[in-house]
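1. Kindly return the folded structure for what I paste below:
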Amino acid sequence: MVETIGRANCFTNTRLMGWGGFLRCPVGFSAHPCYNGKNNRLHSALHREELSLMSILELVVNSRAGKRTLPDCCNEETFAAVRAFHRTLPGYAPTPLVPLPALAQTLGVKGIYLKDESKRFGLNAFKALGASYAIHKLFGDHPQGRPLTVTATDGNHGKGMAWSTHLLGGHAVVFMPAGTVDSRVEAIRAIGDTEVTVTRENYDGTVAIAAAYARAHGGHLVQDTAVPGFEEAPRDIVLGYSTMAAEALEQMAALGAGEPTHTFLQSGVGSMAAGVAAYLAKTCKTPPAMAVVEAWESACALESIRQNRLVTIGGHTQTSMAGLNCGTPNPQIMPVLREWAEYYLRCQDEVTFRAMCRLAHPGPGETAVVSGESGAAGLGCLMALTERPDLAEARAAMGLDETSVVLLFSTEGDTDPGHYREVLAQGY
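-> Next comes the predicted model:
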């Protein structure tokens, strides 16, 4: 555990006391969890000087990571089959890997490489990789009749699922939690004849509604977390995300960057983090140090690691990182994360806002990237860890130094365009 010794405008001067293998490093700079309850946005009227005395980043070190085993399905043959399937989809192309040399120099690391998933299938996010493969495994290339698929989503997964179902000639029904912004609702509703319902529940409650609807109507729940009676689709969704990692390693090799030493992986229920982690663990000669990144109030993977049990965070947790606002990790994937991910970070929204702005305003030799709230969280954590002197202990614990080559995934573009413009206008 950590004892906090001093606090001024931030948490600093912490003492490592050694408990259960965890290192907890809370720090703060200018953040405040004040939101519009309807759409989880930070109030633009808040003055920056009012946003002090808040912890904005926490690191938990998982000393139980053994880095030895993977599930049987995470093998070279399966990963190759996933990649081969994705190549058959209309509009498939590897998304760009964007080098950030100026930022790497500023942050004191050897290299930073960012996968821009806003370019995936024209859907502005990566999620169709998982949903398309899961639906393919459920129905094959020629389903009988018109299959019904059902899901719960904060936005990106539902859009990918609806797109994949439409390609198949099926019908998609999508449920979204309370507080979902209109732009994300309408983006899904615009795909074919997809039905979209916004519930009064949080994410976990909306998953339960979707599962009940699928059972009652003979549908297939295509969810990225395991629900009793619907266990196959989540596994295949996780495997589908491996294509992102496969592309990234090939692109890094082509650029002469070698393999990454570190990667930061965003987590809502943890399926993307586990899919990428499993591929890197299986494929890299020396698997990178892996950090799981979550929103401050809904960091269910971090709490599960801290408490060494599956933890659910209830209530209507607030964050602009909608894709990370999930209260229960996918139980299928926690063994992978526990085994391979050593570091767990939770961050306040300002951490990702700063990264969104930095990506929109590239340095010399860099390309601008439109990265949304969930998409920029990994870079935001890296920036905080490497820029702040009071995070030296956490930075050292993670081995971030001038030899580090960091792989990041910008998992979405501006899926809430209005809020994206607000963040850039604030200039964090």
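
2. Skipping adjacent residues, who's closest to residue 354 in space?
-> Leaving aside its chain neighbours, residue 354 sits nearest to residue 428 (4.5 Å; criterion: Cβ to Cβ, 6 or more residues apart in numbering). Backbone N, C-alpha and C define where each C-beta goes, glycine included.

3. Now stretch 361-376: buried residues?
-> Using 16 or more other Cβ atoms under 10 Å as the test for burial, stretch 361-376 gives 366, 369, 370, 371, 372, 373, 374, 375, 376.

4. isn't the fifth one right up against residue 420?
-> When you say that, I think you mean residue 372. Yes: between residue 372 and residue 420 there is a contact under Cβ atoms under 8 Å: 6.4 Å.

5. which neighbours do those two share?
-> 356, 414 (Cβ atoms under 8 Å, 6 or more residues apart in numbering).

6. The residue nearest the centre of the chain bridge partners, please.
-> Nearest to the mean C-alpha position of the chain, by Cα atoms, centre = their mean, lies residue 266 at 2.8 Å. Beta-bridge partners of residue 266, counted by DSSP bridges, are residue 293.

7. Now render the buried residues of stretch 361-376 as JSON lines, adding pLDDT, secondary structure and distance to residue 89.
-> JSON lines is the format used below for the buried residues of stretch 361-376 (pLDDT from 0 to 100; DSSP: H, G, I helix; E, B strand; the rest coil; distance: Cβ to Cβ, whole Å):
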{"residue": "366", "pLDDT": "98", "secondary structure": "coil", "distance to residue 89": "30"}
{"residue": "369", "pLDDT": "98", "secondary structure": "coil", "distance to residue 89": "23"}
{"residue": "370", "pLDDT": "98", "secondary structure": "coil", "distance to residue 89": "23"}
{"residue": "371", "pLDDT": "98", "secondary structure": "coil", "distance to residue 89": "24"}
{"residue": "372", "pLDDT": "98", "secondary structure": "coil", "distance to residue 89": "23"}
{"residue": "373", "pLDDT": "98", "secondary structure": "coil", "distance to residue 89": "27"}
{"residue": "374", "pLDDT": "98", "secondary structure": "coil", "distance to residue 89": "23"}
{"residue": "375", "pLDDT": "98", "secondary structure": "coil", "distance to residue 89": "22"}
{"residue": "376", "pLDDT": "98", "secondary structure": "coil", "distance to residue 89": "26"}
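
8. Kindly present those residues as TSV, with separate columns for distance to residue 197.
-> Below are the buried residues of stretch 361-376 laid out as TSV (distance: Cβ to Cβ, whole Å):
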residue	distance to residue 197
366	41
369	33
370	29
371	29
372	23
373	23
374	22
375	26
376	29
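
9. of these, closest to residue 76?
-> residue 375 (28.9 Å; Cβ to Cβ).

10. and the gap between the closest one and residue 97?
-> Here the distance between residue 375 and residue 97 works out to 14 Å (Cβ to Cβ, to the nearest Å).

11. circling back to that earlier point, just give me the closest of the buried residues of stretch 361-376 to residue 292.
-> Nearest to residue 292 among the buried residues of stretch 361-376, with distances taken as Cβ to Cβ, is residue 374, at 13.4 Å.

12. Next, the closest one: phi, psi?
-> Main-chain torsions, residue 374, degrees, to the nearest 10: phi -70, psi -30.

13. Grab the nearest non-local neighbour of it.
-> residue 323 (3.6 Å).

14. hang on, the one you found packs against residue 409?
-> No: Residue 323 lies out of contact with residue 409 (Cβ under 8 Å); the separation is 11.7 Å.

15. Tell me how far stretch 260-277 lies from the chain's centre.
-> Centre-to-centre, stretch 260-277 and its host chain are 7 Å apart (Cα atoms, centre = their mean, to the nearest Å).

16. So for that stretch, what gets flagged as buried?
-> Using 16+ other Cβ under 10 Å as the test for burial, stretch 260-277 gives 260-277.

17. try stretch 191-207
-> If you call a residue buried by 16+ other Cβ under 10 Å, then stretch 191-207 has these buried ones: 191, 194, 196, 198, 199, 201, 202, 203, 204, 205, 206, 207.

18. Could you give the average pLDDT over it?
-> For stretch 191-207, the mean pLDDT works out to 96.

19. And the residue lying closest to residue 267 once chain neighbours are set aside, how far from residue 301?
-> Closest residue in space to residue 267, ignoring its immediate chain neighbours: residue 273 at 4.4 Å, by Cβ to Cβ, 6+ apart. Distance of residue 273 to residue 301, computed by Cβ to Cβ: 8 Å.

20. between those two, what contacts are shared?
-> Residues touching both residue 273 and residue 301 (Cβ under 8 Å, 6+ apart) are 267, 292, 337.

21. I figured the last one was touching residue 302, is that so?
-> In other words, residue 337. No: with contact defined as Cβ under 8 Å, residue 337 does not reach residue 302; the gap is 10.1 Å.

22. Common neighbours of these two, please.
-> With Cβ under 8 Å, 6+ apart as the test, residue 337 and residue 302 both reach residue 292.

23. what about the strands in the stretch 101-250 of the chain?
-> Residue ranges of the strands in the stretch 101-250 of the chain, as given by DSSP state E, counting those that start in this stretch, are 111-116, 148-152, 171-176, 195-198, 220-221.

24. residue contacts, residue 200?
-> Residue 200 sits next to residue 178 when contact means Cβ under 8 Å, 6+ apart.

25. going forward, begin numbering at 865 instead of 1
-> Okay, residue one is now 865; in that scheme the one you just asked about reads as residue 1064.
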